[in-house]
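Novice: coordinates only, no sequence provided:
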């Protein structure tokens with residue numbers, strides 16, 4: 001196959017190797033479906049919100065922004081510190097780096113709300129870990145640092161907000177796209193490693209000589225079979241006539 005192909009040649013190859021592409025897409029689709037249902041566990045994301053400072057105005061103005069920024073930074077550092085994490089690890093019997101991989105702390109710019117986000121495969125445990133981290137942080141800020149302007153936005157009876165990360169339809173869509181690309185790649189590889197001569201142009205390019213004529217072997221073979229069949233039928237008819245005359 002030529003190293004450089006145009007768009008027309010590309011579509012000809014796709015048309016010729018369409019079975020390879022369809023077969024690859026189906027295999028990747030079935031593999032993705034089986035993995036999504038039986039192997040890959042769903043991932044849950046629980047979020048607890050911590051309010052830093054007061055949202056109400058005092059004398060027509062909000063509190064000191066510098067003091068609020070320091071309080072936000074201190075709270076975020078405390079959430080990630082061993083003071084909070086080791087306490088939670090002991091409560092849930094987690095390994096050393098396991099909790100750090102599950103935890104993410106988020107704070108939007110100019111926001112007084114800190115989001116404690118925990119990801120895990122077990123719905124109940126994920127919610128409990130997020131709630132425990134947030135409560136431990138608030139309690140330690142109140143007790144050890146005497147900071148009272150910090151609290152959980154969720155009530156004690158309210159579960160953290162939970163959502164499922166990813167979905168079966170998304171995994172299947174990704175699998176179909178990957179299967180399509182792999183199918184096209186396999187089709188191009190099969191065409192590249194196929195060294196058979198397919199048309200007159202390839203003969204001229206390979207040998208560097210002009211082609212003076214061509215013979216359709218398939219058509220010649222069909223004509224030969226037809227002629228042979230006619231001769232065989234004629235011989236049978238003659239033999240039958242000979243038997244009739246002999247009788």
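Specialist: Received the coordinates, thanks. Keep in mind the model is a prediction, meaning the values are calculated, not measured. Numbers count the residues shown, from 1 in each chain.

Novice: skipping adjacent residues, who's closest to residue 31 in space?
Specialist: residue 175 (7.1 Å; CB to CB, 6 or more residues apart in numbering). Every C-beta, even on glycine, is put in place using the N, C-alpha and C of the backbone.

Novice: tell me the contacts of that neighbour?
Specialist: Contacts for residue 175 (CB atoms under 8 Å, 6 or more residues apart in numbering) come out as 28, 29, 31, 32, 33.

Novice: repeat the analysis, applying 10 Å as the threshold.
Specialist: Neighbouring residues of residue 175 by CB atoms under 10 Å, 6 or more residues apart in numbering: 25, 27, 28, 29, 30, 31, 32, 33, 35, 36.

Novice: give the contact list for the residue most central in space within the chain.
Specialist: By CA atoms, centre = their mean, the chain has its centre lying nearest to residue 174, at 4.1 Å. The contact partners of residue 174, taken as CB under 10 Å, 6+ apart, are 28, 32, 36, 166.

Novice: which residues in this structure form strands?
Specialist: Along the chain, the stretches classed as strands by DSSP state E are 43-52, 103-106, 113-120, 150-152, 161-165.

Novice: list the residues that contact residue 22.
Specialist: Listed by CB under 10 Å, 6+ apart, the contact set of residue 22 reads 179, 180, 183.

Novice: could those go into CSV alongside pLDDT, distance to residue 16 and neighbour count?
Specialist: Listed next are these as CSV, based on pLDDT from 0 to 100; distance: CB to CB, whole Å; neighbours: other CB atoms under 10 Å:
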residue, pLDDT, distance to residue 16, neighbour count
179, 94, 19, 22
180, 95, 17, 16
183, 94, 13, 23
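
Novice: so residue 95 makes contact with residue 85?
Specialist: No. Using CB atoms under 10 Å, residue 95 makes no contact with residue 85, being 11.7 Å away.

Novice: can I get the strands of the chain in CSV including mean pLDDT and distance to residue 68?
Specialist: Listed next are the strands of the chain as CSV, based on pLDDT from 0 to 100; distance: least, CB to CB, whole Å:
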stretch, mean pLDDT, distance to residue 68
strand 43-52, 92, 7
strand 103-106, 93, 17
strand 113-120, 93, 12
strand 150-152, 88, 11
strand 161-165, 85, 24
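
Novice: I appreciate the help and will end here.
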